[in-house]
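Trainee: structural data only, the sequence is not supplied:
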């Protein structure tokens, strides 16, 4: 199946995968690429530490090798295995952190990241630096709740609202990026509350995968039109 | 009409607009946003100098004011009037240079820009610096042909191929961005010839507009799915 | 007239032009270049938004084309039309923001900018980034008063003093740049109050124009002296 | 004497001082500050090594302490003792490298430096980095002639022309800064030959000192004019 | 055993480990920490791709967990698992790339890296960027020989000499870092041939581990001495 | 004597030298290089101002010229005369600030500096910028006590603890560097109190000198081992 996008949730929590999939409904078009979401059975319940992130790379790469797709999305904000995955498949592979940052660049001046745990922040900062984007980062602040706690809706929304306000007011963020794939379902409400664009990085990555495949699909059209 | 993307070619050359529109066919889905392309009658035949770029801002803003859309794309690689446009409409406005750079960030390590004329290059470099992306720019080289000359297919393809090879070999680019909206129709062939991804920035921007609108469209879905 | 400096106030408020002119008196020498100040009749009362800045470029360039001068100064802190102007005249053109920043670099370690309105700040930050000077910027804070309100002397001085103190204490600025040509007359008093150098960018730009012309004037002298 | 600018040549070669003084003639106005040039008797014939630069700081500071002036210019491209000097006098002190760089920023996009010897280049690069200006530096190349050899006019001009062309063509410089105070007399001719602005940093620094003093001189004027 | 340094070669080639160990002989002092070198049996013959690097993290962490040491050195220039390892042990963990870069900073102005394969270079560049050290990197060039080919002494020395000369001459490197732990035995000869310091990163890391442990060992001494 | 490290305290306070020497005891191995500490009789009681730092360079260089050593350490956090010293001896010369920063890079993500006086801070910031390390600096804060006051143990420890906590909490430092050689004896206790690594830069520099000499000593070993 050449025209499908495979979105891989590298943690083993099916509820996270379901939320991700629901958040991508708007990108599923008749005649467009199929968007499938898979859960990495071998992953931890949530990718929180560096070791969690490093640990999923092996099974993630094996999943990519056995599941052909026209494009892949790695739906974890640490982009685990992104560069390994690009070595083993000719299809484009999108990491949601990269895609979320890239989308933020086209929407505002300086982006804030809402992370799950403080211990993720140094990892994010190193990654942002490795991408040369530090000058565009306003700040990265944690709600201090683990991946599995993201089910506690009221508490999550309250903490995200607090942290989002700090990123706006203290750090000067004018666009926010959700720092965990498991936060997808809160995006729209949070955006309404905070009054600045809030980016779900998995939506951003899936949109980029959709664009890449759609352009490839129409590749003979421009030549004719040019005549 | 709330669900349309208006792509504005700020030069007055209708052939450029037609090529742009053809290149966006792959992003037109049944049930998706309508993608219209408009030519700025008051623009010059091609936006080549800083004064050309500055000169189209006034009529461009007026066009945006009289043509409602759910998202706008300014299809000129100088992103003329982008920040002015954002002041006068609540709809998202995408500049193709910004969108092309952002897309390049998710595809490779360092991007090269194929420009029309050397005199555009300092303007591009200032813009890349203002976006904080200098570390990701491999180089920016010109084919030394004006916008209207972009019709001369053989010569254009030959020059783009030469410049693209230099950007790969001498500057280390592993992804290329076309530095003019009028180059859209050459993207696919050039990519085949050079063996690295080539990004048409108007496609990139329209894809981002499509993603933004589609996500907004599906905004109630995640909440239900989360239950 | 080859030996005059034309300082152009791109807003239509004559009082601003008069203040600018008065602030340049110290640079008018017998035997030195004449320093004229012109008001752009087509400009808005104050350049405050991006659209204001973009909107004055057309008439500003026309004024430069019809008014010959040996050097031009664009006396608006957004440096509107600076790069367009440099395309249409062989005389040097100075933007006051650029000149103010450059002068600050020779006086202190990190400069603070006192802006009129918060909405100007992102524009300034992009510009500072495009110039590669972000590392030297301590901060940019607004007094939240529009250009025409700059006549209210007591209130302006009080707000500038507050903002200046914040830039010193919280952001570590050891030199301040006035972020609007209309603030010229407050420079000396503010410097006394704050105890750090305060730079009027129009004075800075006119001084650089004066230096450029004076050096050109004496250009045969060094050759003889060298013998 | 409060209204004089003292330009200090920290090497002991009087011919260099004489050339510097001649190059400043255009900045000497009736009614303007007096511009005196002094030779540091204790200095080496030319400041070429780091140890030369460090070695002149002591006597240079003593000269400043015994010679009152309203502004000082340290006329050596290593800016030796600049920060020490600022600790011991309340008058502004300009280092010619800083002033040359600052002036270059207002004239072009990227500046090239023409140095005397390759061994100066790492010192210059460290200094440019300490000033946060690396992004604006196109390159720094040496003519490989010592300070005292700068008298050999034909050879110097030939080497400076070669190096200047390389900086333009290979490094993309659109403005050049002379990397030694002893090169002053070649500025105008070199600019004619190369077709890009060439900045003598001592002229730049003296112009900034002149501007600073002239503004201070007129400091009561703006207040009256503002009424 | 609290006072030993464990140097882990994450590839499975014992000859590489033996060479590393020999190169550390000078750091083995009577009364100093013991320096042991271990081979990661589960590793590939050489770590060359991103997937190789990611793949060794799991077994590497397990080795650390079962082998107590007062300090660890990960002797692979990709620093695989460095941040994971730091999460699982309280002992300091040194990555040889980080240590090699840090040592280079104290020896010269700009360092060059001699890599094994071109495909490693983008990985290195991302890492250098993540460490904020891009401004100090002169260049990174490959000898295009895999880890196991590093036994071919004459060819290796010839290629390293060529690449080292290019890094010096073309990129301005004044200190070189060997980009693979398997190059250790060539360091001294290469340094002699090239006339610039050449850093074996494993020696650098072991030296830093030695310093860290020795300082901790003497921690009560200063207090007494201070009395 | 080729195998000794000479650590030079460029201030004239013998107690500082004694503390430095005691702090280096752990690096003195039987069979290892001898580590001698010298006081610069011509230095001021403490190097606090820029002029102090510049003033010691002359006598410091003379001391190096008359005292042969296999490696030198300049034990003042301004690294006075480092580049001059490197011009006059073929032995490696380490500046403790450089070495302290380099060590911090291998231990944590962002380092904080505890300085003696606020007036040192701009000097430090310029230096960090010149080294290209600004992105890794969390902050630099002063205890506001001069070098000679560093004897007042209780007060020093209290102020260092306060400043260290601020650097951790407000600036995000996860490793601290002592900003004065005279603070050596407080390192271990401060580290215990603050719970993050604290680096005495003189220990760091001496460790790097030790490593450099030890590697040179063992240079024939690797060649044999490779067979």
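Mentor: Yep, it's here. The structure displayed is predicted, hence computed values, not measured ones. Residues are numbered from 1 along each chain as shown, chains lettered A, B, ... in the order given.

Trainee: check what pLDDT the residue of chain A found nearest chain E gets.
Mentor: Using CB to the nearest CB, the closest approach of chain A to chain E is made by residue A:130 at 3.5 Å. Backbone N, C-alpha and C define where each C-beta goes, glycine included. Among the per-residue scores, residue A:130 shows a pLDDT of 97.

Trainee: can I see the domain layout of chain A?
Mentor: In the domain annotation for chain A, the residue ranges read A:4-95+A:203-220, A:98-201 (automatic domain parsing).

Trainee: hmm, back to that, pretty sure the residue of chain A closest to chain E sits against residue E:133.
Mentor: No. With contacts counted by CB atoms under 8 Å, residue A:130 stays clear of residue E:133, the gap being 11.2 Å.

Trainee: quick one, strands of chain A?
Mentor: In order along the chain, chain A carries the following strands (DSSP state E): A:4-9, A:34-39, A:71-74, A:93-95, A:111-115, A:137-142, A:175-178, A:198-199.

Trainee: pLDDT of the shortest one, averaged?
Mentor: Right, the one you point to is strand A:198-199. 98.

Trainee: so how far is residue A:34 from the residue nearest to residue A:210 when sequence neighbours are not counted?
Mentor: In space, residue A:210 comes closest to residue A:27 once its chain neighbours are excluded; the distance is 5.5 Å by CB to CB, 6 or more residues apart in numbering or on different chains. In this structure, residue A:27 and residue A:34 are separated by 11 Å, where distance is defined by CB to CB, to the nearest Å.

Trainee: neighbour count: those two, which is higher?
Mentor: Here residue A:27 and residue A:34 are compared on neighbour count by other CB atoms under 10 Å in any protein chain shown; more neighbours surround residue A:27, at 24 against 12.

Trainee: any idea of the mean pLDDT in stretch A:204-217?
Mentor: Stretch A:204-217 shows an average pLDDT of 93 in the prediction.

Trainee: got the contact list for it?
Mentor: For stretch A:204-217, contacts defined as CB atoms under 8 Å, 6 or more residues apart in numbering or on different chains pick out A:3, A:5, A:7, A:24, A:27, A:32-33, A:35, A:70-73, A:75, A:92, A:94-96, A:98-100, A:102-103, B:23, B:26-27, B:103, B:106, B:200, B:203-204, B:206-208, B:210-212, B:214-215.

Trainee: where does chain A get nearest to chain F, residue-wise?
Mentor: Using CB to the nearest CB, the closest approach of chain A to chain F is made by residue A:122 at 4.9 Å.

Trainee: give me the pLDDT value at the closest residue in space to residue A:201 that isn't next to it in sequence.
Mentor: Closest residue to residue A:201 in three dimensions, ignoring its sequence neighbours and counting by CB to CB, 6+ apart: residue A:100, at 2.9 Å. For residue A:100, the model assigns a pLDDT of 98.

Trainee: cool, the one 10 residues further on as well?
Mentor: Note on residue A:110: pLDDT of 97.

Trainee: and if you look at the one 3 residues further on?
Mentor: Residue A:113 is assigned a pLDDT of 98 by the prediction.

Trainee: about what we covered before: can you pull the contacts of the nearest residue to the residue of chain A closest to chain F once chain neighbours are set aside?
Mentor: The spatial neighbour of residue A:122 that comes closest, neighbours along the chain excluded (CB to CB, 6+ apart), is residue F:109 at 4.9 Å. Residue F:109 makes contacts with A:122, A:125-126, F:136, F:174-175, as judged by CB under 8 Å, 6+ apart.

Trainee: Serialize these to JSON lines and add fields for neighbour count and pLDDT.
Mentor: Output for the contacts of residue F:109, formatted as JSON lines (neighbours: other CB atoms under 10 Å in any protein chain shown; pLDDT from 0 to 100):
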{"residue": "A:122", "neighbour count": "17", "pLDDT": "95"}
{"residue": "A:125", "neighbour count": "20", "pLDDT": "96"}
{"residue": "A:126", "neighbour count": "18", "pLDDT": "96"}
{"residue": "F:136", "neighbour count": "20", "pLDDT": "97"}
{"residue": "F:174", "neighbour count": "17", "pLDDT": "97"}
{"residue": "F:175", "neighbour count": "23", "pLDDT": "98"}
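
Trainee: now, those that are in helices?
Mentor: Using DSSP state H to define helices, the subset of these located there is A:122, A:125-126.

Trainee: residue A:183 and residue B:217, how far apart?
Mentor: With CB to CB as the criterion, residue A:183 and residue B:217 are 20 Å apart.

Trainee: what about these two, which has more around it?
Mentor: residue A:183 (28 against 17).

Trainee: check the burial of residue A:28 by counting its neighbours.
Mentor: As a measure of burial, residue A:28 has 18 neighbours, counting by other CB under 10 Å.

Trainee: how about residue A:167, nearest residue that isn't a chain neighbour?
Mentor: Closest residue in space to residue A:167, ignoring its immediate chain neighbours: residue A:112 at 3.2 Å, by CB to CB, 6+ apart.

Trainee: on that earlier part again, chain D: which of the ones in helices among the contacts of residue F:109 is nearest?
Mentor: Ranked by distance to chain D (CB to the nearest CB), the ones in helices among the contacts of residue F:109 are led by residue A:125 at 20.9 Å.

Trainee: distance check, that closest one against chain B.
Mentor: 15 Å (CB to the nearest CB, to the nearest Å).

Trainee: ok, that residue touching residue A:133?
Mentor: No. Counting by CB under 8 Å, residue A:133 is not a contact partner of residue A:125; they are 10.5 Å apart.

Trainee: what sits against the closest residue to residue A:84 other than its chain neighbours?
Mentor: The spatially closest residue to residue A:84, leaving aside those adjacent along the chain, is residue E:51, at 4.3 Å (CB to CB, 6+ apart). Taking CB under 8 Å, 6+ apart, we find residue E:51 in contact with A:61, A:84, A:87-88.

Trainee: farthest pair within these?
Mentor: A:61 and A:87 (8.7 Å; CB to CB).

Trainee: ok, now which ones touch residue A:30?
Mentor: Under the criterion of CB under 8 Å, 6+ apart, the contact list for residue A:30 reads B:29-31.

Trainee: flag the shaky bits of chain A, pLDDT-wise.
Mentor: Within chain A, the stretches falling below the threshold (pLDDT under 70) are A:1-2, A:218-227.

Trainee: go with 80
Mentor: Residues of chain A that meet the criterion pLDDT under 80 lie in A:1-2, A:217-227.

Trainee: and the residue of it that's closest to chain C?
Mentor: Checking chain A residue by residue against chain C with CB to the nearest CB singles out residue A:109 as nearest, at 4.9 Å.

Trainee: most surrounded residue in the contacts of residue E:51?
Mentor: For those, the largest number of neighbours (other CB under 10 Å) sits with residue A:84, at 21 neighbours.

Trainee: in stretch A:9-24, what's buried?
Mentor: A:9-13, A:15-24 (16 or more other CB atoms under 10 Å in any protein chain shown).

Trainee: and those residues, which is closest to residue D:145?
Mentor: residue A:10 (62.1 Å).

Trainee: and the residue in chain A positioned nearest to chain D, what does it touch?
Mentor: Per CB to the nearest CB, residue A:135 is where chain A lies closest to chain D, at 11.3 Å. The contact partners of residue A:135, by CB under 8 Å, 6+ apart, come to B:132, C:129, C:134.

Trainee: quick one: which of those residues is most hemmed in?
Mentor: For the contacts of residue A:135, neighbours were counted using other CB under 10 Å, and residue C:129 has the most, 23 neighbours in all.
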